[in-house]
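Colleague: Generate a structure from the sequence data that follows.
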Amino acid sequence: MPTRVVLDVTYFLNLGHNQPYESVGRSKDLNQADPQLSYDYKAQLDRRVPNPFYQILTPEKFPKQLRNQSTVTIGSLLKPYPQYGRLVEQSIPNVHTRYQALQIKAQRPFGNGFTFVFGLDYNRERREEFYDELDRFNNQLTWQDGPNPRERVTLGAVYELPIGRNKRVLANAPRAVDAVLGGWSLSGIYTYNSGGFLRFGSAIVSGDPSLGNPTRERMFDTSKFTRQAAFTRRANPLQFSGVTGPGYKDLDLTLAKTRPLTERLKLELRMEAYNLTNSFMGANPVVNVDSSLFGRVVAQRSGTYGRQFQYSARLMW
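Modeller: Down below sits the predicted model:
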């Protein structure tokens with residue numbers, strides 16, 4: 001490309017077969033009651049009855065708290081093994097995934113005091129998941145769009161400021177002036193990730209809940225959601241096109257200078273700024289339809305921070 005820029009364009013496709021359930025954040029529980037029973041009998045399953053395991057055998061042969069409960073709910077006795085909790089079977093290979101991405105990389109080799117590298121990843125992910133608890137009970141997987149961010153952009157660059165002796169500006173500067181103003185370089189990294197898709201629990205959703213201009217106070221159209229009646233099967237999609245959490249963007253800059261003091265001794269000065277724009281990087285909004293904060297971003301993304309400056313001096317020999 002012009003100015004010696006090297007452009008690399010890649011189409012990446014991955015077809016995953018027989019991956020474990022854990023690869024999509026799920027595990028296979030062998031001790032589930034049929035959810036259809038709760039749809040049919042509703043609150044009747046919450047009625048308490050005498051516990052058939054009360055004080056049975058000895059604590060050594062029948063440990064845990066179930067033997068000490070005089071009554072239990074009818075629903076808890078409808079599990080295949082009511083005397084146990086969850087019975088999780090790990091690493092069962094039955095999940096299929098699809099991932100494809102357009103990846104663009106542009107890089108300029110260092111020349112005339114400047115270099116940069118740019119990367120773009122635009123992807124689409126689909127994977128087999130359990131749509132709801134009934135599908136999980138029946139071990140029925142269906143294809144769903146993945147919730148991960150679709151776009152990722154990274155730009156890194158280094159620029160040697162053309163100031164100081166033998167540079168375009170102040171090329172014949174006195175040593176004292178060059179010691180202060182010459183030899184500085186500026187480097188930075190800009191990162192952007194689009195927001196991940198939001199996933200909702202059971203609710204009645206009328207229409208498209210996406211917004212053209214979401215804000216921290218209203219990331220999606222909350223008026224489209226109403227509470228779903230108890231003991232009814234989920235009917236809404238896991239996620240909606242265009243309904244995502246806040247994106248992530250960050251700009252870090254470093255101004256540095258290395259100054260020879262003697263033949264073997266050098267002084268390095270660095271001034272570093274993290275999140276220079278002081279951007280708020282919000283976590284996903286509240287997605288519980290029963291919450292008074294539904295649709296609002298109320299926390300900062302884990303691992304992020306406000307603007308920070310760091311100054312350092314280092315002797316190198």
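
Colleague: any weak-confidence spans in this protein?
Modeller: 24-26 (pLDDT under 70).

Colleague: Bridged to Y274, which residues?
Modeller: Bridge pairing for Y274 (DSSP bridges) gives the partners Q308.

Colleague: which residues sit in contact with it?
Modeller: 250, 252, 305, 307-310 (Cβ atoms under 8 Å, 6 or more residues apart in numbering). Where you see a C-beta, it was placed from the backbone N, CA and C, and this is true even at glycine.

Colleague: Could you give me the PyMOL syntax to select whichever of these are buried?
Modeller: Applying 16 or more other Cβ atoms under 10 Å to the contacts of Y274, the buried members can be selected in PyMOL as follows:
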select buried, resi 250+252
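
Colleague: Would you reformat the contacts of Y274 as JSON lines and include distance to S223?
Modeller: Converted to JSON lines, these look like this (distance: Cβ to Cβ, whole Å):
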{"residue": "D250", "distance to S223": "33"}
{"residue": "D252", "distance to S223": "39"}
{"residue": "Y305", "distance to S223": "34"}
{"residue": "R307", "distance to S223": "36"}
{"residue": "Q308", "distance to S223": "39"}
{"residue": "F309", "distance to S223": "43"}
{"residue": "Q310", "distance to S223": "45"}
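
Colleague: Return the closest of the contacts of Y274 with respect to R108.
Modeller: D252 (19.7 Å; Cβ to Cβ).

Colleague: how near is the closest one to A273?
Modeller: Applying Cβ to Cβ, to the nearest Å, the value for D252 to A273 is 7 Å.

Colleague: Show me the beta-bridge partners of T142.
Modeller: In beta-bridge terms (that is, DSSP bridges), T142 pairs with E129.

Colleague: counting residues per strand, which one in this structure is longest?
Modeller: Taking DSSP state E as the criterion, the chain has its longest strand at strand 93-111.

Colleague: helices or strands up against that one?
Modeller: When contacts are defined as 3 or more Cβ pairs under 8 Å, 6 or more residues apart in numbering; DSSP states H and E, strand 93-111 packs onto strand 6-20, strand 114-129.

Colleague: what's the most buried one of those?
Modeller: Sort the helices and strands packed on strand 93-111 by mean neighbour count, taking mean count of other Cβ atoms under 10 Å, and strand 114-129 sits at the top with a mean of 17.

Colleague: How about P147: what's its closest non-neighbour residue?
Modeller: F197 (4.3 Å; Cβ to Cβ, 6 or more residues apart in numbering).

Colleague: was I right about the one you found contacting Q239?
Modeller: Yes. Counting by Cβ atoms under 8 Å, F197 touches Q239, with 4.4 Å between them.

Colleague: what about the two, which has more around it?
Modeller: F197 (21 against 18; other Cβ atoms under 10 Å).

Colleague: Helices along this structure, start to end?
Modeller: 35-41, 133-137, 175-181 (DSSP state H).

Colleague: quick one, which of these is packed in tightest?
Modeller: For the helices of the chain, where neighbours mean mean count of other Cβ under 10 Å, the stretch averaging the most is helix 133-137, with a mean of 17.

Colleague: helices or strands next to that one in the packing?
Modeller: helix 35-41.

Colleague: who touches the helix it packs on?
Modeller: Contacts for helix 35-41 (Cβ under 8 Å, 6+ apart): 45, 75, 78, 132-134, 137, 231-233.

Colleague: List just the nearest of those residues to L155.
Modeller: D132 (41.4 Å).

Colleague: was I right about that closest one contacting R233?
Modeller: Yes. At 6.6 Å, D132 counts as touching R233 under the criterion of Cβ under 8 Å.

Colleague: ok, these two, which is more surrounded?
Modeller: D132 (18 against 15).

Colleague: Setting the sequence-adjacent residues aside, check what's closest to the more buried one.
Modeller: R234 (4.3 Å).

Colleague: State the distance from that neighbour to G306.
Modeller: 39 Å.

Colleague: of these two, who's got more company?
Modeller: R234 (17 against 11).

Colleague: okay but that one is in contact with R136, surely?
Modeller: No. In this structure, R234 is not within contact of R136 by Cβ under 8 Å, at 11.4 Å.

Colleague: neighbours around N166, how many?
Modeller: 11.

Colleague: likewise the one 5 residues further on?
Modeller: Other residues lying near A171 total 13 when counted by other Cβ under 10 Å.
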